[in-house]
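Novice: Show me how the following folds:
(one chain, ligands or ions: 3)
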Amino acid sequence: MKTKNEDEEILSLIDKSRLPEHVAIIMDGNGRWAQSQGLPRIAGHQAGMKSVKRVIKTANGLGIKALTLYAFSTENWSRPQKEIKALMALLCKYLKIEVKSLNKQNVQMRFMGRIHQLPEFVQRELAKAIEETSKNSGLILNIALNYSGRADIVEAVSHLAKDIHAGKIQVDEINETVFQGYLSTSDLPEVDLLIRTSGEMRISNFLLWEIAYTELWITPVYWPEFNCKHFYQALADYQKRKRRFGGTVAL
Ligand code: IPE
Ligand code: IPE
Ligand code: MG
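Specialist: Ligands and ions are numbered 1, 2, ... in the order given. From the prediction side, this is the model:
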């Protein structure tokens, strides 16, 4: 059994002045967790919501600037209709209940992905959540919904091409900084740390451009079981990494 002291012990290893500014999480393993408990997949998604609340509270409490959570990919539409419907309903239920608490925590909500392709009742809840939390100055909670890293890059290219066509920008002005400005994450800090639960060693079309020099932390723990201790462990490990960005570090 995990004790509170165990959490505190790991927390004491974390240097609060060197936290990642932006943490992204691929919340994976809900279905397998449910299966391991003899429950239907949707019970795994429900249980995963508790981990979402935990991780938001912890990130906000530590003073992390931005947290991007991968909630639904463009490829997830290939799942059974029943599961998709349940996921959309769960998201709306979460927003209806949680926005009040997110406001209390001073969390600002954002969404990225092809939001306009989501059912209208979902879009309405998202708009409400954005509006109701827009003035908050704490953690930026960015939820990737109907998101695809490749699609985000293609949309950026398309938008950039339109701006060139309209004479707003010249072709020879394009550089990495300009291009980055067209991505959904343009106004967020660099993604310093990417966590994936459930042990899969892949990116699954999540942030592609953004993770060029991101530190990766993968745990076999299924998302519904991901708790503060795991999060602290990821942060403590992150702080042990030598980020060289292609250069060298003094030995
Ligand atoms: C992650 O858990 C949640 C979503 C992708 C919506 P999964 O549903 O992918 O769970 P596994 O990977 O099948 O165990
Ligand atoms: C990635 O998980 C997407 C989300 C967590 C929303 P998946 O379960 O969809 O990824 P794969 O299929 O294992 O690559
Ligand atoms: Mg999965």
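Novice: only C-alpha atoms for contact and neighbour calcs from this point on.
Specialist: OK.
Novice: ok, now how distant is E120 from E75?
Specialist: 20 Å (C-alpha to C-alpha, to the nearest Å).
Novice: do P220 as well
Specialist: Between P220 and E75 the computed distance is 22 Å (C-alpha to C-alpha).
Novice: Spell out which parts of this structure neighbour ligand 2.
Specialist: 26-28, 70-73, 76, 204 (C-alpha under 6 Å from any ligand atom).
Novice: Which one of the residues you listed is nearest to ligand 1?
Specialist: D28 (3.8 Å; C-alpha to the nearest ligand atom).
Novice: for the closest one, helix, strand, or coil?
Specialist: coil (DSSP: H, G, I helix; E, B strand; the rest coil).
Novice: Please state the backbone phi and psi of it?
Specialist: phi -120, psi 150 (degrees, to the nearest 10).
Novice: Contacts only, for it.
Specialist: 196-198, 222-223 (C-alpha atoms under 8 Å, 6 or more residues apart in numbering).
Novice: Distance check, it against A71.
Specialist: 9 Å.
Novice: Highest neighbour count among the contacts of D28?
Specialist: Within those, most neighbours by other C-alpha atoms under 10 Å means W223, with 28 neighbours.
Novice: A34 is in contact with that one, correct?
Specialist: No - with contact defined as C-alpha atoms under 8 Å, W223 does not reach A34; the gap is 10.5 Å.
Novice: Find the residues that touch each one of D28 and A71.
Specialist: Residues touching both D28 and A71 (C-alpha under 8 Å, 6+ apart): none.
Novice: about what we covered before: using PyMOL, define a selection of the buried residues within the residues of the chain next to ligand 2.
Specialist: To isolate the buried ones among these in PyMOL, judged by 16 or more other C-alpha atoms under 10 Å, type:
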select buried, resi 26+27+28+70+71+72+73
